[in-house]
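Participant: model the following, please.
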Amino acid sequence: MSDFDPTELTQLALAVCESMPGATEDHPFGPEPTVFKVADKMFALISDMSGTPGINLKIPPEDSEALCQIDGISPGYHMNKKHWITVSFTAATDPGLLSELIEDSYVLVRSKLTKKVRLTLDADA
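Facilitator: Numbers count the residues shown, from 1 in each chain. Sure thing, here's the model as predicted:
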């Protein structure tokens, strides 16, 4: 059980997303949700998911089934269920796992960028 409440988990998620090299915050769908991108490719979306705050994160498809067995993690809300998960910000959410999943999502999206774009990101860091 987490000592973090939904507001604290939201703040943690925002801080981790903002700390990723080259990450930019965007609001392409209006004031909410908050989207984080690297080189214009989304790696996180923070919003209210069916009444519960949470975050959508990109994952390797082969990890989807195992991750969705963890309490508070489900297939991506309004996303491709094979490539995205939703982590709900509840008392069951492990802050360490949340941070790790955000970092993994960033790394996965970044790895799909061209070498030239990755080098530009490295130079800007």
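Participant: give me the residues contacting the helix or strand harbouring residue 9.
Facilitator: Assigned by DSSP states H and E, residue 9 belongs to helix 6-19. Defining contact as CB atoms under 8 Å, 6 or more residues apart in numbering, one finds that helix 6-19 is touched by 2, 4, 23, 25, 34, 36, 43-44, 46, 52-53, 55, 89-90, 93, 95, 98-99, 102-103, 106. (C-beta placed from N, C-alpha, C; glycine too.)
Participant: and the angle from the longest helix along the chain to helix 6-19?
Facilitator: As assigned by DSSP state H, the longest helix anywhere in the chain is helix 95-111. Put simply, helix 95-111 runs at 30 degrees to helix 6-19, going by axes from the mean of the first three to the mean of the last three CA atoms, to 10 degrees.
Participant: helix 95-111 packs against which elements?
Facilitator: helix 6-19, strand 34-38, strand 41-49, strand 52-58, strand 84-88 (3 or more CB pairs under 8 Å, 6 or more residues apart in numbering; DSSP states H and E).
Participant: what's the weakest-modelled helix or strand in this structure?
Facilitator: helix 115-124 (a mean of 80; mean pLDDT, DSSP states H and E).
Participant: how many neighbours does residue 119 have?
Facilitator: 11 (other CB atoms under 10 Å).
Participant: on that earlier part again, got a quick ChimeraX command for the buried subset of the contacts of helix 6-19?
Facilitator: ChimeraX command restricting the contacts of helix 6-19 to the buried ones, with burial defined by 16 or more other CB atoms under 10 Å:
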select :2,4,23,34,36,43,44,46,53,55,89,90,93,95,98,99,102,103,106
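Participant: distance of residue 9 relative to residue 92?
Facilitator: 11 Å (CB to CB, to the nearest Å).
Participant: oh, that last question was meant for residue 81, not what I typed.
Facilitator: From residue 81 to residue 92 the distance is 21 Å (CB to CB).
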